[in-house]
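> Please work out how this folds:
(2 chains)
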Amino acid sequence: MFAGPLEAPRLSFGEKLLALNWVFVLLISCLACVGAAALYSVAGGSFDPWAETHVIRYCLGLGLLFAVALTDIRVWVRLAYPVYFVALALLAAVPLIGVESGGAQRWLQFGHLSFQPAELMKVALVLALARYFEWLPAKYISNPLALILPVLMIVVPVGLVVIQPDLGTAVLFAAVGGGLLFLAGASWIYFVFGIVGVLGAVPFVWNLLHEYQQARVLTFIDPGQDPLGAGYHILQSKIALGSGGVTGKGYMQGTQSQLNFLPEKHTDFIFTMFAEEMGFIGSVSLLIVYLLVLLSIVYMAVRCQSQFARLVAAGVGITLFVYVFINVAMVMGLVPVVGVPLPLVSYGGTSMITLMFGFGLVLNAHVHRRTRLRRHEIGVL
Amino acid sequence: MAVPRNIKIRNRRFTRRALMLGTAQIGLFGVLGWRLRQLQVVESSKYSLLAEENRINIQLLAPRRGLIVDRFGEPVATNTDRMRVFVLPELTQNLVDSLDRLGDIIDVSPNVRARVLRLARRQSPYIPIVVDDTLSWQQFAQLNVMAPGLPGIRTDILSVREYHGGHHMAHIVGYVGAADREEVREAPVTRLPGFRVGKTGVEKGLEPKLRGKAGVVKLEVDAHGNAVRKLETLASEPGREVVLTIDAEVQKAAMERLKDERRAAAVGLDVRTGEVLVMASTPSFDPNDIVYGLKDGVWQSMADAEDDPLTNKAIRGQYPPGSTFKMVTALAGLEAGVITTKTRFHCYGGYSYSNAYFGCWKKRGHRATNVRKAIKESCDVFFYKVAERIGITKLSAMGHKLGLGETYEFGLPLQKPGVMPTPGWKRANLGKPWYGGETIIAGIGQGFVLTTPLQLAVMTARIATGRAVVPRIVRPDPDEQVAEAEPLDIKPEHLEIMRESMWAVVNEGGGTAGRSRLPIAGVEMAGKTGTSQVNSASSGRKSSSLKWHQRDHGLFVGYAPADNPRYAVAAIIEHGGSGSRAAAPVVRDIMTALMERDPVGKPGYVSRDAERKTAGGTARGGES
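Below you'll find the predicted structure:
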């Protein structure tokens, strides 16, 4: 489509800066500001302890984003598999040497640093799948043999996080993996079989779930059943959302959140607190900003020439979508309570790094949208 | 450079599928938006209500109980703040350590320590154990400041009723206690911890006035129930001060005078206003023992005690009035016209009526007796004959007219009405017909006739003034107009002959109470003795030869000064033997105390309550 002079192998730094999608940067900065404002309110009108750190982290994250975006795309192509294997190895190490906290074993400890391999895998999985389909000749895309490898690449990390157990991340991996297979062009038939297979597996998976996970699902189905136990959080969250009304209770005036009826309102339930104070208008506006970010990612992905670039961009987009959707649907009682933060708004360093890295890759794809990747430049692995 | 065909297909397929995915995302966001609209627009009012219920907690503020003072403002019942420190074993991991730290601030004796640890082992950790309830303000403040470093240690202020005058005022003032279920249902404020309501006496009778009105505070609470701020406060209205008509000084003297008697009661009134100046009942108790720190055993022993210290015999003791009832019989006879002041009946020492013989206390008889002599010398036969002629119905009607058989709504609950018998009463209560002989003995205040000391005092005041005086125990408010009692529907000359006769009882030779003249020069008392038979064994035998409980009750009613009545006093000494020997001296002494102090002649205390109408209330009795 756009084959032409911009096939130049290298872009100058200035060209790359100009090629960045600044509207996108503005949109995500907007989200981070909403996050900072909400965290200021959560702390009862104080930058300490969350809002200030949030802003600092975002600024550092922007640095990471630019660094990732301006690196030559071939570097990421070459790093894709190594990063994936490192992530896989670390993920496999979690059950052996991981640290347990809150009923789940998710963390690896390196001195004072603790680290969730699952976070790295979120990026690595996207890179590795994109890398694979970049390599796969287009004519083999629906060949069942050609799909064995990518399916394994998805299923193994899904299995590793399920045993941690981390249901939310497993769903995310599966959604991103499935989405990328779909976008890469695999035949519809696989997806029909896949969905049927997943539904058939539900009873088995149910038995594998831990009791607290089963409780979450049951609570989701009927939150009123146990209003002071597991259903309490969802009920209080719905009360907060509903009592916010159309225009909200006003900034820092949310009774449900300010009086601690809401759980974890600086992380997983921050949307509730925002919606309580800003009302229907505010919460829909926030959703629209997220939708704009998502659509701009789709737009950027579509414009990319190389399979790798567009799949990376689209994969990060799916990740973002799953995050936002699960989080918002959870606080509204549409899906079970799974510990998923609201991207860029919730407080939390790990998810911030992952997301900014991912957004960096999106912009990287955008910057290198016309770059053609050649076999000899990237090799097989 | 041509793009290979299958690459083109792949690119197109990507674009198509990416757009499908984008559309799906828009659609799913639409679902989120729809759900948000459902919650925040459609069902918003429902959730707003739930949010309000979540955050607002309404608490009642206990009003401060009104004070009770005597007619001169001497405190009778007041409120004391008792500052307490207690431990909640549930809130501390190491009780011994908490007690050690507490011991650095206040003195915790080894005994107390051992008791606390023993209780903590024995009972549920949620039950607070009081360590000390006599903290000073300084200690209390210090403990509150240090609270964070004292796990499981809590303080509170308990408003405790304190009674002054102990035993002397107990029966009048009564005492307070925790509300029972019925009271809680009527007034939710009584459910507050430490809230007390009147249980007997004035504390109960004037409960609405003393209690005041509960305040309300709307608190914003967080998810843990901690108060965050006050949204709205409606101050409580403290209870009103109650000024009693009692003179604590004379009351004390009367109680001291009765102390040596086993069971006795006396009531002294202002004859014109009916104000009760003295109301003594013995044995008594100390209400302070009951309101605070009473152990179960002590209460039981009080309630079961043979001489019934918890009962106010002045209003709840029902006794045959004996000869003190003879004025009723005489007035009934005079008013009915069956006798005149000159009518004479002959007393030969007894009277036969329908196969029965009714003796006069004087076996030799009084010979020719008119009404004046009959009262002065307490001739029984004269009144047998009068009673026979007028009948029981008119006799009891005169009793009611003079205040007997009645209860009075004046702030003292649990009064007994006594009995002014009629044939109808007997049929209703005993299911038997009335016999004429019962009228005969009713004529001298025996048989079914029962009265309380209060009623006898009212009767005396009514005879002395000729007005339908009613008793009162609370002083009128300064702006309250107290109407003088209505004149009795009795001919003045009939009342006059009664007064003259009663004067003669005390002051004329041959009167039954000649030994009980007042020791005050120029002041004469008028009165009437009464000796009421308790059982037939006592008839005709000397008291000293009988067991205590078989002896006759001794009664006396009197007023003074005889020429210008001011005070009326009635007394009963249970099983005291005779009215002239046991009761008349008691009345004489109480009357002397009243005359010498003359409480009615002195200006009384005026409550300052009216000035502080809008004083704010504070929460009491809760945790601080």
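
> quick one, phi/psi of the closest residue to chain B within chain A?
When CB to the nearest CB is the measure, chain A has its nearest residue to chain B at A:Gly242, with 2.4 Å between them. C-beta coordinates here come from the backbone N, C-alpha and C atoms, glycine included. When read as degrees, to the nearest 10, the backbone of A:Gly242 gives phi -60, psi -40.

> gap between it and B:Pro487?
The gap separating A:Gly242 from B:Pro487 is 75 Å, by CB to CB, to the nearest Å.

> Looking at those two, which is more packed in?
A:Gly242 (27 against 12; other CB atoms under 10 Å in any protein chain shown).

> give the contact list for that one.
Each residue near A:Gly242 by CB atoms under 8 Å, 6 or more residues apart in numbering or on different chains is listed here: B:39-40, B:43-44, B:46-48, B:50-51.

> Now it. Nearest residue, chain neighbours left out?
In space, not counting the residues next to it along the chain, A:Gly242 is nearest to B:Tyr47; the distance is 2.4 Å by CB to CB, 6 or more residues apart in numbering or on different chains.

> contacting residues around the one you found?
Contact analysis of B:Tyr47 by CB under 8 Å, 6+ apart lists A:238-243, B:39.

> And it, how far from A:Glu276?
For B:Tyr47, the distance to A:Glu276 - CB to CB - is 10 Å.

> Could you pull out the residues contacting both of these two?
Counting by CB under 8 Å, 6+ apart, the shared contacts of B:Tyr47 and A:Glu276 are A:240-241, A:243.

> Write out the residues of the stretch 201-350 of chain A neighbouring chain B.
Where the stretch 201-350 of chain A comes near chain B, counting by CB under 8 Å from any CB of the partner chain, the residues are A:236, A:238-246, A:255-256, A:259-261, A:275, A:279-280, A:283-284, A:287, A:290-291, A:294-295, A:298, A:301-302, A:307, A:310, A:314, A:318, A:321, A:325, A:328-329, A:332, A:334.

> Of these, select the buried ones using a PyMOL command.
A single PyMOL command is used to select the members of these judged buried by 16 or more other CB atoms under 10 Å in any protein chain shown:
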select buried, chain A and resi 236+238+239+240+241+242+243+244+245+255+256+259+261+275+279+280+283+284+287+290+291+294+295+298+301+302+307+310+314+318+321+325+328+329+332
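
> still on that earlier bit, I'd like the contacts of B:Tyr47 as TSV, with pLDDT appended.
Converted to TSV, the contacts of B:Tyr47 look like this (pLDDT from 0 to 100):
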residue	pLDDT
A:Lys238	88
A:Ile239	88
A:Ala240	90
A:Leu241	90
A:Gly242	90
A:Ser243	90
B:Leu39	91
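
> List the contacts of the residue nearest to B:Asp270 when sequence neighbours are not counted.
Residue nearest to B:Asp270 in three dimensions, not counting chain neighbours: B:Val600, with 4.9 Å by CB to CB, 6+ apart. The neighbourhood of B:Val600, defined by CB under 8 Å, 6+ apart, consists of B:270, B:272-273, B:275, B:277, B:566-567.

> Which pLDDT value goes with B:Val600?
At B:Val600, the predicted lDDT confidence score is 91.

> So it lies in a helix, does it not?
Yes. Looking at B:Val600 with DSSP: H, G, I helix; E, B strand; the rest coil, it is inside a helix.

> Next one: it from chain A, what distance?
Taking CB to the nearest CB, to the nearest Å as the measure, B:Val600 and chain A are separated by 62 Å.

> Tell me which residues touch the residue of the stretch 401-550 of chain B found nearest chain A, please.
Scanning the stretch 401-550 of chain B for proximity to chain A using CB to the nearest CB identifies B:Pro413 as nearest, at 45.6 Å. Taking CB under 8 Å, 6+ apart as the criterion, B:Pro413 is in contact with B:200-201, B:204-205.

> Go again with 10 Å.
For B:Pro413, the contacting residues are B:174, B:198-207, B:312, B:315, B:407, by CB atoms under 10 Å, 6 or more residues apart in numbering or on different chains.

> which among those residues gets closest to A:Glu100?
For A:Glu100, the nearest member of these is B:Lys199. The distance, counting by CB to CB, is 60.9 Å.

> list the contacts for the closest residue to the closest one other than its chain neighbours?
For B:Lys199, the nearest residue in space outside its immediate sequence neighbours is B:Gly177; the separation is 4.5 Å by CB to CB, 6+ apart. Taking CB under 10 Å, 6+ apart as the contact definition, B:Gly177 lies against B:161, B:183, B:196-200, B:203-204, B:290-291, B:294.

> ok, of the residues you listed, which one's closest to B:Leu117?
Sorting the contacts of B:Gly177 by how near they are to B:Leu117, with CB to CB, puts B:Leu294 at the top with 24.5 Å.

> pLDDT-wise, which helix or strand of chain B ranks last?
Taking all helices and strands of chain B together, the one with the lowest average confidence (mean pLDDT, DSSP states H and E) is helix B:296-304, at a mean of 72.

> Return the subset of the contacts of B:Pro413 lying in strands.
When the contacts of B:Pro413 are checked against strands using DSSP state E, the ones located there are B:Gly198.

> could the contacts of B:Pro413 go into TSV alongside neighbour count?
As requested, those are exported to TSV (neighbours: other CB atoms under 10 Å in any protein chain shown):
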residue	neighbour count
B:Gly174	28
B:Gly198	24
B:Lys199	20
B:Thr200	23
B:Gly201	27
B:Val202	27
B:Glu203	30
B:Lys204	20
B:Gly205	23
B:Leu206	24
B:Glu207	21
B:Asn312	27
B:Ile315	27
B:Thr407	16
